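Colleague: my questions concern the predicted model and sequence given below.
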There are 2 protein chains.
Amino acid sequence: MSKPLILVSNDDGIEAKGVHALIDRLVKFGDVVCVCPDGPQSGQSMAITVNSPLRINRLDDYHGAKMYSVNGTPVDCVKIAMHCIVERKPDLMVSGINHGSNAAVNVVYSGTMGAALEACACKVSAIGFSLTTHDPDADFSGCLPFVDKIVGDVLENGLREGVCLNVNIPYCQPAPTEMRFTKAARGKWTDEYKVYLDPNGNPFYWLTGRFVNDEPDNRDTDEWLLAHGIVSVVPTALDRTALVE
Amino acid sequence: MSKPLILVSNDDGIEAKGVHALIDRLVKFGDVVCVCPDGPQSGQSMAITVNSPLRINRLDDYHGAKMYSVNGTPVDCVKIAMHCIVERKPDLMVSGINHGSNAAVNVVYSGTMGAALEACACKVSAIGFSLTTHDPDADFSGCLPFVDKIVGDVLENGLREGVCLNVNIPYCQPAPTEMRFTKAARGKWTDEYKVYLDPNGNPFYWLTGRFVNDEPDNRDTDEWLLAHGIVSVVPTALDRTALVE
């Protein structure tokens, strides 16, 4: 039997530490093809490039994984990988490990989860992993037991069609030992722009802000789990149709 | 009592015909503030601009509406409007009228619906309208009775928090007379890239493709309704948590 084919992408770009930490772990599960943006693409959600051409750049292999970069978004990477790079349908798509949380409403803006959701659209089981620090030199070792456990489970059992997993791992000491399925906390971003004046006195605006959790005491939310050192796993749907209550 | 405040955006840019057709209709319902991208932003989903500054450009009023353009995505437009332009929380946000369908899986890539979903994130009732033709000079008159009906209803009754409406209007003769609530059809895009060779013989790739409907005979889908000349209204959720079945 041939080894599983695992497609990897991210939104921090092909040079990010997180994707290398992920590949180090995935190569023992199967053949890895990694197709990442050629630079940072955080906050790209499920954006696609419709009005300009894409290039595929083949790079040196990394620990046995085939490595490519694309001058597009995370979703572009998955689409072009599926259509123009991999020779058969992947058994699994894994996105990340993201530098920064994709819990709560952040999932909808996340390029990491955009890539995973695009794999859903291609009917490939998908998992997005995120570590709750933006430090580019973060220590990803606390993630790795959870990568092993979840990747192993999904390769064995698959996922419901149209649903991927949004896994957030708290960056804490001691490293997390527990994980739970849960749902995205309700909340919103506030104070979102810092205003500057350019040398001519004209204003410009830069996105910033802070997340306000609407339900900080709800133990059945990703934010609560992460605040308590527990890995959160949120089943995340491609289809946005709101069921009628 | 003050008039309702209606925030408008789109993804085709401030010069698109569709947003002007929409404003023409909305000014009779309330005070309209329109904040659109300064150029086309189709396929931008819920992308946000995190690594570069934004500018707000005040334009001449249009039929009594205050008009602004922003050098960002549709979601950027809604965020910056909420934080830096409108003086009170809008009673309603309306996105579109998009030049092209946002039915089925297209909703997840749509900048038009990205803007509406961002309004959801800001806890503002929101509606996205799309006409099923990409013709920049399309005749939007068939949309207008449905804009009137749905905008009037939502201003009166509001929407469930976290849910907006994805309204697709078939471009057909005779103009549609019926609309129904429904769900997004399942399906996927295929044959997605056209491959070219540049003058140096190196390949580049351009997104294209066609949508394949997985359930063409299912009458309870947006694609079926649109194919039969009926306006589709899909309640669309911000939260992507997949309920456990």
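Modeller: All right, it came through fine. Numbering: from 1, shown residues only, chains lettered A, B, ... in the order given.

Colleague: quick check, residue A:210 in contact with residue A:191.
Modeller: Yes: contact status for residue A:210 versus residue A:191: in contact at 6.2 Å, counting by Cβ atoms under 8 Å. Bear in mind the C-beta positions are built from the backbone N, C-alpha and C, glycine included.

Colleague: for the residue nearest in space to the middle of chain A, which residues are in contact?
Modeller: Closest to where the C-alpha atoms of chain A average out (Cα atoms, centre = their mean) is residue A:112, at 2.7 Å. Counting by Cβ atoms under 8 Å, 6 or more residues apart in numbering or on different chains, residue A:112 makes contact with A:10, A:11, A:12, A:74, A:95, A:96, A:98, A:102, A:128, A:129, A:130.

Colleague: before we move on, what about residue A:71?
Modeller: With contact set as Cβ under 8 Å, 6+ apart, residue A:71 has these partners: A:37, A:38, A:54, A:55, A:57.

Colleague: what's the most distant pair in the residues you listed?
Modeller: A:37 and A:55 (11.7 Å; Cβ to Cβ).

Colleague: the more surrounded of those two?
Modeller: Shown here are residue A:37 and residue A:55; by other Cβ atoms under 10 Å in any protein chain shown, residue A:37 has more neighbours (25 against 15).

Colleague: the more buried one against residue A:78, yeah?
Modeller: No: counting by Cβ under 8 Å, residue A:37 stays clear of residue A:78, with 10.7 Å between them.

Colleague: between these two, which contacts overlap?
Modeller: Common contact partners of residue A:37 and residue A:78 (Cβ under 8 Å, 6+ apart): residue A:9.

Colleague: now do the buried residues in the helix ranked longest in chain A.
Modeller: Longest helix in chain A by number of residues (criterion: DSSP state H): helix A:144-157. Of all the residues in helix A:144-157, those buried under the rule 16 or more other Cβ atoms under 10 Å in any protein chain shown are A:144, A:145, A:146, A:147, A:150, A:151, A:154.

Colleague: name the residues that touch it?
Modeller: With Cβ under 8 Å, 6+ apart as the criterion, helix A:144-157 contacts A:4, A:6, A:21-22, A:25-26, A:29-30, A:91-92, A:94, A:97, A:125, A:127, A:129, A:165, A:167, A:169, A:176, A:179, A:231, A:233.

Colleague: buried residues of stretch A:2-20, list them for me.
Modeller: Result for stretch A:2-20 [16+ other Cβ under 10 Å]: buried residues A:5-14, A:16-20.

Colleague: got the contact list for the helix or strand bottoming out on mean pLDDT in chain A?
Modeller: Every helix and strand in chain A was compared by mean pLDDT, DSSP states H and E; the lowest is strand A:187-190, with a mean of 90. Contacts to strand A:187-190, defined as Cβ under 8 Å, 6+ apart, come from residues A:104-105, A:209-215, A:223, B:121-123.

Colleague: let's see 10 Å
Modeller: With Cβ atoms under 10 Å, 6 or more residues apart in numbering or on different chains as the test, strand A:187-190 has contacts from A:103-106, A:109, A:207-216, A:221, A:223, B:48, B:79, B:82-83, B:120-123.

Colleague: now the helix or strand following that strand: mean pLDDT?
Modeller: Downstream of strand A:187-190, the first helix or strand assigned by DSSP states H and E is strand A:193-197. Here strand A:193-197 scores 96 as its mean pLDDT.

Colleague: hmm, back to that, how far does the helix or strand that the longest helix of chain A is followed by sit from the chain's center?
Modeller: With elements assigned by DSSP H and E, the helix or strand that comes after helix A:144-157 is strand A:163-169. Centroid separation between strand A:163-169 and its chain, computed with Cα atoms, centre = their mean, to the nearest Å, is 8 Å.

Colleague: mind listing what the least confident helix or strand of chain A pairs with, with the direction of each?
Modeller: Sheet partners assigned to strand A:187-190 using DSSP bridges are listed as strand A:210-213 (antiparallel).

Colleague: run through who's touching the strand it pairs with.
Modeller: Residues outside strand A:210-213 that contact it (Cβ under 10 Å, 6+ apart) are A:101, A:103-106, A:185-192, A:221, A:223-224, A:227.

Colleague: 6 Å instead, please
Modeller: The contact list for strand A:210-213 (Cβ atoms under 6 Å, 6 or more residues apart in numbering or on different chains) reads A:185, A:187, A:188, A:189, A:190, A:223.

Colleague: are any of those residues buried, and which?
Modeller: Neighbour counting by 16+ other Cβ under 10 Å classes A:185, A:187, A:188, A:189, A:223 among the contacts of strand A:210-213 as buried.

Colleague: quick check: the last one vs residue A:203, distance?
Modeller: If you measure residue A:223 against residue A:203 using Cβ to Cβ, to the nearest Å, the figure is 33 Å.

Colleague: what's the answer for the first one, then?
Modeller: Between residue A:185 and residue A:203 the distance, using Cβ to Cβ, works out to 33 Å.

Colleague: do the second one as well
Modeller: Relative to residue A:203, residue A:187 is positioned 28 Å away (criterion: Cβ to Cβ).

Colleague: what does chain A put close to chain B?
Modeller: Counting by Cβ under 6 Å from any Cβ of the partner chain, chain A comes close to chain B at A:42-48, A:50, A:53-55, A:79, A:83-84, A:105, A:107-109, A:121, A:163, A:183-184, A:188, A:192-193, A:204-207, A:234-237, A:239-242.

Colleague: how about low-confidence regions in chain A?
Modeller: A:1, A:244-245 (pLDDT under 70).

Colleague: among the contacts of strand A:187-190, which are in helices?
Modeller: Counting by DSSP H, the contacts of strand A:187-190 contribute A:223, B:79, B:120, B:121 to helices.

Colleague: in the residues you listed, which residue is surrounded by the most others?
Modeller: Neighbour-wise, the ones in helices among the contacts of strand A:187-190 (other Cβ under 10 Å) top out at residue B:79, 28 neighbours.

Colleague: quick one: contacts for that residue?
Modeller: Each residue near residue B:79 by Cβ under 6 Å, 6+ apart is listed here: residue A:192.

Colleague: how about residue A:125, nearest residue that isn't a chain neighbour?
Modeller: In space, and not counting its chain neighbours, residue A:125 is closest to residue A:159: 4.4 Å by Cβ to Cβ, 6 or more residues apart in numbering or on different chains.

Colleague: let me fix that, I meant to ask about residue A:78.
Modeller: residue A:118 (4.2 Å).

Colleague: the helix or strand hosting that neighbour: which residues count as buried?
Modeller: In this assignment (DSSP H and E), residue A:118 forms part of helix A:111-121. In terms of neighbour count (16+ other Cβ under 10 Å), helix A:111-121 has its buried residues at A:111, A:112, A:113, A:114, A:115, A:116, A:117, A:118, A:119, A:120, A:121.

Colleague: got the angle for the longest helix of chain A vs strand A:163-169?
Modeller: For helix A:144-157 against strand A:163-169, the angle by axes from the mean of the first three to the mean of the last three Cα atoms, to 10 degrees is 170 degrees.

Colleague: with only the CA atoms kept, save helix A:144-157 in CSV.
Modeller: C-alpha atoms of helix A:144-157 as CSV (Å, rounded to 0.1, in the frame of the first residue of the first chain):
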residue,chain,number,x,y,z
LEU,A,144,4.0,18.2,18.4
PRO,A,145,2.2,15.6,20.6
PHE,A,146,-1.1,17.0,19.5
VAL,A,147,0.0,17.1,15.8
ASP,A,148,0.8,13.4,16.2
LYS,A,149,-2.4,12.5,17.9
ILE,A,150,-4.8,14.4,15.6
VAL,A,151,-3.1,13.6,12.3
GLY,A,152,-3.0,10.0,13.2
ASP,A,153,-6.6,10.0,14.1
VAL,A,154,-7.8,11.8,11.0
LEU,A,155,-5.6,9.7,8.7
GLU,A,156,-7.3,6.6,10.2
ASN,A,157,-10.9,7.8,10.5
